[in-house]
Structure formats: structure tokens, C-alpha cells
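> Next come a sequence and a model predicted from it.
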Amino acid sequence: MATTYEWSFPNFETDADNKVKVIHWRLTATDDEDNSASMYGTDGQSELNFDSMTKEDAIACVLEHSDTTEADMKANLDAQIASQKAPTLTSKTKEW
């Protein structure tokens, strides 16, 4: 089973000099059975130039300021997908 991981950046907040001050990011994992999981956050420590930055620059910036590694993020997403396939908890209701 192959899992693909995709970084996306729905929004960048810039200052008057066009420097990125806040990066809004999402990392999504999808397996070949169409199960998916994602994590998201913001990085408020960027100084990237909006016009010249690349997607790789944004990823590197987010990872540089993160308290976890990309490998750990992917492992977290893999665990979420595994939990979807074999839930450890079941949600039930009771009619009283």
C-alpha cells in the first residue's frame, strides 16, 4: 500500500515589503484505498520573499520552525490512517 503525502499552502500573510510573516500550511496523506488524514498549522517565523519563494522554500521554513520532523509528521498521518482502517474505539448511542 502506497501512501502519498502532499504539502499545500492555502494562505501567506505578508508585510508591506512583501516578506512572508505567516505561512498557513497543511500536510495531507492519502493511501491507495482513498483513506486520508491531514495536519495543519501556521508558521509565524518566516522571512521569505513572497515573489521569489518556492514551495520547497515554504516546506523548509515550516520544518525549520517546527518542533517535529517531516518523518514524524508522516508517521502521525500514517497512524491516523491505520486507525481509520482498524478503529480502537467504537461510537455508540443508547436510547433511554
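Noted; the coordinates are in hand. Numbering: from 1, shown residues only.

> Wait, Cys61 touches Asn49, no?
No. Applying Cβ atoms under 8 Å as the test, Cys61 and Asn49 come out as separate, 11.5 Å apart. C-beta here means a position set from N, CA and C on the backbone, and glycine is covered the same way.

> Could you check which of the two has the larger neighbour count?
Set Cys61 next to Asn49 and count neighbours by other Cβ atoms under 10 Å: Cys61 wins out with 19 against 13.

> From the centroid of this protein, which residue is nearest?
Leu27 (2.4 Å; Cα atoms, centre = their mean).

> Please settle this for me: is that one part of a helix?
No. With DSSP: H, G, I helix; E, B strand; the rest coil as the criterion, Leu27 is located in strand rather than a helix.

> Tell me the spacing between it and Ser83.
17 Å (Cβ to Cβ, to the nearest Å).

> hang on, Met73 is in a strand, isn't it?
No. Per three-state DSSP, Met73 lies outside any strand segment and is helix.

> my read: it touches Met39, true?
Yes. Met73 is within contact range of Met39, at 6.3 Å (criterion: Cβ under 8 Å).

> shared neighbours, the two?
The contact sets of Met73 and Met39 overlap at Leu27 (Cβ atoms under 8 Å, 6 or more residues apart in numbering).

> who's more crowded, these two?
Neighbour count, other Cβ under 10 Å: between Met73 and Met39, Met73 has more, with 19 against 15.
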